[in-house]
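# Prediction below, plus the sequence it came from.
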Amino acid sequence: MRHMEWADSLVWESVLALPEARSDAALRERLYHSHIVQWAYLQIWRGEPLEMREASSFEDLRAIHAWVRDYYRQVAALLAEEDEGALRREIRFPWAQQLVERWGSARSATFVETLIQIASHTSYHRGQINTRLRELGGKPPLTDFIAWIWMGRPAPAWEAPTA
């Protein structure tokens, strides 16, 4: 999760620094999707009912950026409260019945498995976002997990450019 936050912070830094990116609808939708899923899992982990914020409720990318930073503050607090045993606790999904209807079953997952899922999902969409950044003339940052390790596991770089 620390790598995910670091990588997301670098991508956001690149997005907000590129004027073409700040007005790109496809990029906005990909960013929103990646982060709404993170918020959904946080609510599930907390045992809260799902409250999905609409993309249209954000004035601009800076508003989404602030929302993402809040997610990372809240998920860090949640993880700090959990003990080793919590990693094995069973997670039930509110959309399980839809999965049963589609695939015939919907088994539960452990908390740690859902952490892996959210990191994988975010990484997948981060790649799409970086591709779009490149298409818009930007230079996507290096966000590989192993690069994060080689760099000494740096903290996130959340300070966004003001341009």
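Looks like it arrived, so ask away.

# can you list contacts of the longest helix seen in the chain?
Scanning the chain for the helix with the most residues, using DSSP state H, yields helix 111-135. Under the contact criterion Cβ atoms under 8 Å, 6 or more residues apart in numbering, helix 111-135 has outside partners 1, 3-4, 7-8, 11, 14-15, 18, 21, 24, 26-27, 30-31, 33-34, 37-38, 41, 44-45, 82, 86-89, 91, 109, 139-141, 143. Backbone N, C-alpha and C define where each C-beta goes, glycine included.

# Any quick PyMOL command for the buried ones out of those residues?
Buried residues within the contacts of helix 111-135, by 16 or more other Cβ atoms under 10 Å, are selected in PyMOL with:
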select buried, resi 3+4+7+8+11+14+15+18+21+24+27+30+31+34+37+38+41+44+45+91+140+141+143
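
# In helices, which of the contacts of helix 111-135 appear?
Short answer: the contacts of helix 111-135 in helices (DSSP H) are 3-4, 7-8, 11, 14-15, 21, 26-27, 30-31, 33-34, 37-38, 41, 44-45.
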